[in-house]
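S.K.: any chance you can model this:
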Amino acid sequence: MTTEEVAEHFRVNPSTVRRWRLDDVGPSFVKIGSVYRYPRALIGTWVSNQVNERAAS
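M.R.: Modelled structure (predicted):
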């Protein structure tokens, strides 16, 4: 998925997804040249981890 697709999925601004990437708090990504991609399977994993972390708090 592109940054824009991830932003649309989570209903946030693409700049939010970029900030997550820079702060290393968002979903895992792959950089291919100068392009960032987010594998769909890892988006679900990231969401599950966020839910589990909040439940443990």
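
S.K.: grab the most central residue of the protein for me.
M.R.: In the chain, the residue lying closest to the centroid (C-alpha atoms, centre = their mean) is residue 27, at 3.0 Å.

S.K.: buried residues, the longest helix along the chain. List them.
M.R.: Determined from DSSP state H, the single longest helix within the chain is helix 40-56. For helix 40-56, burial by neighbour count (16 or more other C-beta atoms under 10 Å) applies to 43, 46. Just so you know, the C-beta spots here come from the backbone N, C-alpha and C atoms, and that holds for glycine as well.

S.K.: run through who's touching that helix.
M.R.: The contact list for helix 40-56 (C-beta atoms under 8 Å, 6 or more residues apart in numbering) reads 1, 6, 9, 26-29.

S.K.: what do you get for stretch 17-30?
M.R.: Residues from elsewhere that reach stretch 17-30, judged by C-beta under 8 Å, 6+ apart: 3, 6-7, 10, 36-39, 42-43, 45-46.

S.K.: can you do 7 Å?
M.R.: The contact list for stretch 17-30, computed with C-beta atoms under 7 Å, 6 or more residues apart in numbering, reads 3, 6-7, 36-39, 42-43, 46.

S.K.: pull out the buried positions in that stretch.
M.R.: Those would be 17, 20-21, 26-27, 29, for stretch 17-30 by 16+ other C-beta under 10 Å.
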